[in-house]
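> Pasting the sequence and the predicted coordinates here, then a few questions.
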Amino acid sequence: MRNFSPPVFYYHSVAPGLFKNWLLRFLTMKLANFEQQMAYLENHNFRSIFLDEWLRIRRGQKAGSGKEVCLTFDDGLLDNWVYAYPVAKKHGMKFTLFVSPECIEPRPVVRPTLENVWKGECKEEDLQALGYLSWEELKIMQESGVVDVQSHTMTHAKYVCSTNLRGFYYGGFKGYHPILNANPDLRATYMNDPEFEKRLPQGTPLFEEISAVVAKKHAISREFFREAGTLAQQHNLSDEAGRSNFEKAARQLADDYGRVGNLIESIERDEDFRSRLVYEIVDSKRIIEEKLQKPVQFLCWPHGDNSSAAHTLAKDAGYLATTSGKMLREQQQMDRIPRLAADFDNGPWVNRMKFHYKIAAHYHRQPYYAIARMNELKNKLAQN
């Protein structure tokens, strides 16, 4: 058969159910679905590979059999250690783990996993899986040969990048990045902070954000935020009408500030942006290599945001390839890693068939490939 580079699937969180108090719980895939996928790969004689082997196949330096897949996890979440690692190992699979050094559990801890449950050493209901991985847990996984740790940049942050007022904060995920940017010391431990969502006042204006590696930071006027806060106190934000009136007034305030050029307090200088890029891309590589005593050659861009400039800096720093993310036109480049979502939120039968379809279509097996091409064409026509 023709030699295609193997599909690269991505996941984030894997757990028996959603974490009730986690703002990013929408990233969690049900453990039962993940185990079904691992069993599917094992039962159909697929072999999971790390990105170094994937890249050799992609470059034509090694022949692929059509039975390879590459599994990747983003963010370095604790449940990857507690649930995904034992299940993948049980089914003879391995995966790449992209981590951000500023999002590593600061305590030197090694927490129980499903393996401890299987051995009768603890009960499954006693497992704690909400949080980030520690360096000690990463070291164990790396040395096991089941996991390969690579970079997800240093901070995984997003920053305000324009004066585009996109909404207002009333709790929930929308405040995630603004709160962390104002409290960077919480980046690795925010999941354990019961007051996290209260750290941003109700009604706070929210401006357009983008990944830390793409755009220069835009500092919105502190005086504007102060006046907007005063406006918020003058309205009942628990009432829909009160919110509507407040938002109308706050948007008018933003327009007034913008009209006279006072909405932006400052924009990051070119040299500062360049230094921050080095910190995100180069220093994250160095720290992971020092902590785990292994080479870091692959970079996954958080949120999918990236640029040609950031990619070039990564290549100059010694990375062999970076994810293509939202740079869809670069997916065919040899030093880019196109990825497919695998964390489906479906019932068992749909989960199994969807996983099978994605693998078969990727390897141009019929009729799956023809269906995939028709879907691509339909999507392109819908966009025009």
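Perfect, I can see it now.

> Tell me which stretches of the stretch 51-200 of the chain form strands.
Per DSSP state E, counting those that start in this stretch, the stretch 51-200 of the chain carries strands over the ranges 68-74, 95-99, 147-151, 158-168.

> most packed of those?
Highest mean neighbour count among these (mean count of other C-beta atoms under 10 Å): strand 95-99, with a mean of 26. In this view, the C-beta of every residue, glycine as well, is placed from N, C-alpha and C.

> Other residues contacting that strand?
For strand 95-99, the surrounding residues in contact (C-beta atoms under 8 Å, 6 or more residues apart in numbering) are 11, 48, 50-51, 70-76, 80, 84, 88, 133, 138, 141, 146-152, 288, 298-300.

> follow-up on the earlier one: just send the strands of the stretch 51-200 of the chain back as JSON lines, with mean pLDDT too.
As requested, these are exported to JSON lines (pLDDT from 0 to 100):
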{"stretch": "strand 68-74", "mean pLDDT": "98"}
{"stretch": "strand 95-99", "mean pLDDT": "98"}
{"stretch": "strand 147-151", "mean pLDDT": "98"}
{"stretch": "strand 158-168", "mean pLDDT": "97"}
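
> now these as TSV including distance to Met191?
Below are the strands of the stretch 51-200 of the chain laid out as TSV (distance: least, C-beta to C-beta, whole Å):
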stretch	distance to Met191
strand 68-74	16
strand 95-99	15
strand 147-151	20
strand 158-168	18
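
> Of those, which is nearest Glu376?
strand 68-74 (20.9 Å; C-beta to C-beta).

> could you say what helices and strands that closest one packs with?
If contacts are counted by 3 or more C-beta pairs under 8 Å, 6 or more residues apart in numbering; DSSP states H and E, strand 68-74 sits against strand 8-11, strand 47-48, helix 51-59, strand 95-99.

> And the ones you listed: which comes nearest Phe34?
strand 8-11 (7.2 Å).

> Each with direction, which strands does whatever helix or strand comes next after the closest one pair with?
Counting by DSSP states H and E, the element after strand 8-11 in chain order, helix or strand, is strand 13-15. Looking at strand 13-15 with DSSP bridges, its partner strands are strand 28-30 (parallel).

> So which elements touch the helix or strand following the partner strand?
As assigned by DSSP H and E, the chain's next helix or strand after strand 28-30 is helix 31-43. When contacts are defined as 3+ C-beta pairs under 8 Å, 6+ apart, helix 31-43 sits against strand 13-15, helix 85-90, helix 348-362.

> Adding mean neighbour count as columns, could you present these in CSV?
What follows is those, written out as CSV (neighbours: other C-beta atoms under 10 Å):
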stretch, mean neighbour count
strand 13-15, 25
helix 85-90, 20
helix 348-362, 17
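
> looking at these, which has the lowest confidence?
In terms of average pLDDT, helix 348-362 trails the rest of the helices and strands packed on helix 31-43, at a mean of 94.

> How confident is the prediction for the nearest residue to Arg222 once chain neighbours are set aside, by pLDDT?
Leaving out its chain neighbours, the residue that sits closest to Arg222 by C-beta to C-beta, 6 or more residues apart in numbering is Glu265, at 6.6 Å. Looking at Glu265, its pLDDT stands at 96.

> Name the SS class of Glu265, please.
Secondary structure assignment for Glu265 (DSSP: H, G, I helix; E, B strand; the rest coil): strand.

> Wait, it touches Phe225, no?
No: contact criterion C-beta atoms under 8 Å: Glu265 and Phe225 do not qualify, at 9.9 Å.

> Can you list the residue ranges for helices in the chain?
Taking DSSP state H as the criterion, the chain carries its helices at 31-43, 51-59, 78-79, 85-90, 114-118, 135-144, 176-182, 222-233, 240-259, 270-278, 284-292, 308-316, 348-362, 368-383.
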